[in-house]
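Peer 1: following is a predicted model, sequence given first.
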Amino acid sequence: MRSAFAGAREQVGTIDVLVNSAGLLTESPLEGMTLAMWTETIAVDLTGVFLCCREVVAPMRRQRWGRIINISSQLGIKGGVGLGHYSAAKAGVIGMTKALALEVSADNVLANCIAPGPIETPLVDGISEDWKAAKRKELPLRRFGMPTEVAPTALLLASDPGGNLFVGQTLGPNSGDVMP
């Protein structure tokens, strides 16, 4: 990560906005889940977010401006059958984002989360059709979202002045799956 971010800074200068949007999604009931499946999901979905955040925090604090937007999931709030590892990782992203926001917001570095519901991306391709069909029936909108419907949330959080008062928040474009 250090060399990747050093290369990015070399090419574009300062990094003003970080959007952590990588993820891995597999399905298994907890009692049958392997340690390897658990570890891989935590590594990608939580530790990866930590490593990226860690690389941008100091430079953002020095420039006294930055926006960190971590993509979580509504399952980090409510959990999901067969998705304990994914739910745990995404809940960790929410908690880590809140802690980070408390640490860096005085330096005008604002950390927030987006917790989408199911979105039509390759990430959900690994989930069974039965799970997807059942999930669509649960959603008040009866459909999964599209990436173009989530991206404006990131744009809001990254914007100035639009995102200036969001600190440690979790916004949920989730088709009505979670209504905090």
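Peer 2: Happy to help now that I have it.

Peer 1: now the strands for this protein?
Peer 2: Counting by DSSP state E, one finds strands in the chain at the ranges 17-20, 66-71, 109-114, 170-171.

Peer 1: let's have the ones you listed in TSV, adding mean pLDDT and mean neighbour count.
Peer 2: The way it works is simple: take the backbone N, C-alpha and C, and place the C-beta from them, glycine included. What follows is those, written out as TSV (pLDDT from 0 to 100; neighbours: other Cβ atoms under 10 Å):
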stretch	mean pLDDT	mean neighbour count
strand 17-20	98	20
strand 66-71	98	24
strand 109-114	98	26
strand 170-171	98	19
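
Peer 1: so what pLDDT did the residue lying closest to Ala89 once chain neighbours are set aside get?
Peer 2: Nearest residue to Ala89 in three dimensions, chain neighbours excluded: Asp45, at 3.6 Å (Cβ to Cβ, 6 or more residues apart in numbering). Note on Asp45: pLDDT of 97.

Peer 1: surely Gly88 meets Ile42?
Peer 2: One thing to correct before we go on: residue 88 is Ala, not Gly. Yes: Ala88 is in contact with Ile42 according to Cβ atoms under 8 Å; the separation is 7.2 Å.

Peer 1: quick one, the helix ranked longest in the chain and strand 109-114 angle?
Peer 2: Using DSSP state H, we find that the single longest helix of the chain is helix 84-104. On the basis of axes from the mean of the first three to the mean of the last three Cα atoms, to 10 degrees, helix 84-104 is oriented at 160 degrees to strand 109-114.

Peer 1: quick one, helix 84-104 and strand 66-71 angle?
Peer 2: Using the same axes, to 10 degrees: helix 84-104 against strand 66-71 is 170 degrees.

Peer 1: geometric centre of this structure: which residue is closest?
Peer 2: Ile71 (1.5 Å; Cα atoms, centre = their mean).

Peer 1: so what's that one bridging to?
Peer 2: Ile114 (DSSP bridges).

Peer 1: wait, it sits on Ile119?
Peer 2: No: look at Ile71 against Ile119 with Cβ under 8 Å: they stay out of range, at 9.8 Å.

Peer 1: next, count neighbours for the spatially closest residue to Leu24 that is not a sequence neighbour.
Peer 2: Take Leu24 and drop its neighbours on the chain: the residue closest to it by Cβ to Cβ, 6+ apart is Val44, 4.2 Å away. Val44 has 16 neighbours, counted by other Cβ atoms under 10 Å.
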